[in-house]
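K.L.:
Below are the sequence and a predicted model for it; my questions follow.
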Amino acid sequence: MPIDTSEADARFRQWMRDNLDRAAEHFGVVVTGDPLLGWHDRSISTPVRKGDAEYWLRVVSEDKQWVAGDFWTGNLDANVLADLAKPRVLDVVEWEEWRQQRAELMTRMPGQPCSPTDALRTAVELPDEWWAELRRTTNTVAATPTARVNSSQDKITDRIVQRFGDAVDPTVPEWETVHGDVHWANLLRPRFGLLDWEWWGRGPAGTDAATLLCYSLLTPTIAQRVHDVYADILDTDTGRFAQLYTIARLSRRIGGGEFPDLAEPLERHARTLLGH
């Protein structure tokens with residue numbers, strides 16, 4: 001019989017809210033909206049205000065053994081990408097309370113997410129200028145040198161072999177800097193914006209285009225638009241590898257119970273890429 005974790009989950013979420021209040025007090029800001037819990041409740045964020053200025057406050061909680069990775073400072077490190085429509089981290093504070101807490105006070109981006117979930121399930125109307133800014137953003141990231149790592153060859157090999165066995169050579173054909181998590185809940189409209197820069201770093205070339213395409217497969221008209229915007233990347237051997245790697249990554253999450261409705265579209269897409 002499955003263990004009922006509802007009470008423990010509720011206590012943890014309240015603890016995360018307490019962490020948010022502690023961070024707000026530290027920065028001297030007032031919470032002005034309903035807090036949003038992130039993936040697996042490991043983060044919590046909310047709009048805040050100080051005087052007449054509006055900001056965004058985010059607190060992430062992690063076991064201390066994991067906080068040395070590049071993801072821990074990703075949002076702050078992304079301040080080097082100054083010419084993009086993205087949040088800028090203004091201040092940071094950390095403390096330890098059986099887990100390591102990191103609070104980041106950021107600029108607040110205008111607009112709203114294109115989707116409440118990573119995968120897009122309802123088509124959205126986005127102007128040509130929005131798509132052009134998306135492409136400019138991923139191009140700029142790709143051309144930005146960094147020592148940060150999004151995915152290692154070992155991790156990629158593991159994911160590819162687990163999903164495709166020996167049907168796909170897991171050797172990355174080309175590397176570039178990637179955002180690493182370009183999905184529809186991280187993209188803003190009506191004005192373009194891209195959130196959540198925790199995981200940016202070196203990864204397989206074409207990762208961002210491939211990720212967005214795979215998260216668009218439930219809305220064929222948008223998937224076609226993503227393909228059109230990135231055809232020069234996606235329709236190459238490098239781009240096809242990035243798509244297969246993305247399918248392998250998302251298949252693991254589907255195996256864990258996330259977005260089961262993407263399973264069949266991803267399977268069909270994989271067969272097309274493999275020529276089956």
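P.N.:
On my side now, so go ahead.

K.L.:
Find the centremost residue of this protein, please.
P.N.:
The chain has residue 181 as the residue nearest its centroid, 2.9 Å off, counting by Cα atoms, centre = their mean.

K.L.:
who's in contact with that one?
P.N.:
Shown in contact with residue 181 (Cβ atoms under 8 Å, 6 or more residues apart in numbering): 196, 198-199, 211. Quick note: C-beta positions are derived from backbone N, CA and C, even for glycine.

K.L.:
Ranking by neighbours, what's the top pick from those residues?
P.N.:
Top of these by neighbour number is residue 211, holding 26 neighbours under the definition other Cβ atoms under 10 Å.

K.L.:
Tell me which helix or strand it sits in.
P.N.:
Assessed by DSSP states H and E, residue 211 sits inside helix 207-214.

K.L.:
Next secondary structure after that helix?
P.N.:
As assigned by DSSP H and E, the chain's next helix or strand after helix 207-214 is helix 220-229.

K.L.:
and that next one, what other elements does it pack with?
P.N.:
helix 128-142, helix 207-214 (3 or more Cβ pairs under 8 Å, 6 or more residues apart in numbering; DSSP states H and E).

K.L.:
hey, C-alpha coordinates of the helix holding residue 211 in PDB?
P.N.:
Extracted in PDB, the C-alpha atoms of helix 207-214 (Å, rounded to 0.1, in the frame of the first residue of the first chain):
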ATOM      1  CA  THR A 207      19.200  21.600 -27.200                       C
ATOM      2  CA  ASP A 208      17.100  24.600 -26.800                       C
ATOM      3  CA  ALA A 209      15.300  24.300 -30.200                       C
ATOM      4  CA  ALA A 210      14.900  20.600 -29.600                       C
ATOM      5  CA  THR A 211      13.500  21.000 -26.100                       C
ATOM      6  CA  LEU A 212      10.900  23.600 -27.200                       C
ATOM      7  CA  LEU A 213       9.800  21.500 -30.200                       C
ATOM      8  CA  CYS A 214       9.300  18.400 -28.000                       C
END
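
K.L.:
Would you mind listing the outside residues contacting that helix?
P.N.:
Here helix 207-214 makes contact (Cβ under 8 Å, 6+ apart) with 138, 141-142, 150-151, 176, 178-184, 223, 226-227, 229-230, 233-234, 239, 242-243, 245-247, 250, 262, 266, 269.

K.L.:
Please, where are all the strands along the stretch 101-250 of the chain?
P.N.:
Secondary structure of the stretch 101-250 of the chain (DSSP state E, counting those that start in this stretch): strands at 112-113, 175-178, 187-189, 193-194, 201-204.

K.L.:
Tell me the strands beside the third one, with direction?
P.N.:
When sheet partners are counted by DSSP bridges, strand 187-189 sits next to strand 112-113 (antiparallel), strand 193-194 (antiparallel).

K.L.:
Deepest-packed of these, please.
P.N.:
Ranked by mean neighbour count, those are led by strand 193-194 with a mean of 22 (mean count of other Cβ atoms under 10 Å).

K.L.:
Give me the distance between it and the centre of its chain.
P.N.:
11 Å (Cα atoms, centre = their mean, to the nearest Å).

K.L.:
any residues touching it, and which ones?
P.N.:
Taking Cβ under 8 Å, 6+ apart as the rule, strand 193-194 contacts 84-86, 109-111, 134, 137, 179, 182, 186-188.

K.L.:
mind checking which helix or strand of the chain has the lowest mean pLDDT?
P.N.:
strand 36-37 (a mean of 88; mean pLDDT, DSSP states H and E).

K.L.:
hmm, back to that, want to throw the contacts of strand 193-194 into CSV with neighbour count, distance to residue 44 and pLDDT?
P.N.:
CSV is the format used below for the contacts of strand 193-194 (neighbours: other Cβ atoms under 10 Å; distance: Cβ to Cβ, whole Å; pLDDT from 0 to 100):
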residue, neighbour count, distance to residue 44, pLDDT
84, 20, 25, 98
85, 17, 24, 98
86, 25, 20, 98
109, 17, 18, 96
110, 11, 21, 94
111, 13, 21, 94
134, 22, 27, 98
137, 22, 26, 98
179, 30, 22, 98
182, 24, 22, 98
186, 21, 16, 97
187, 24, 21, 98
188, 19, 19, 98
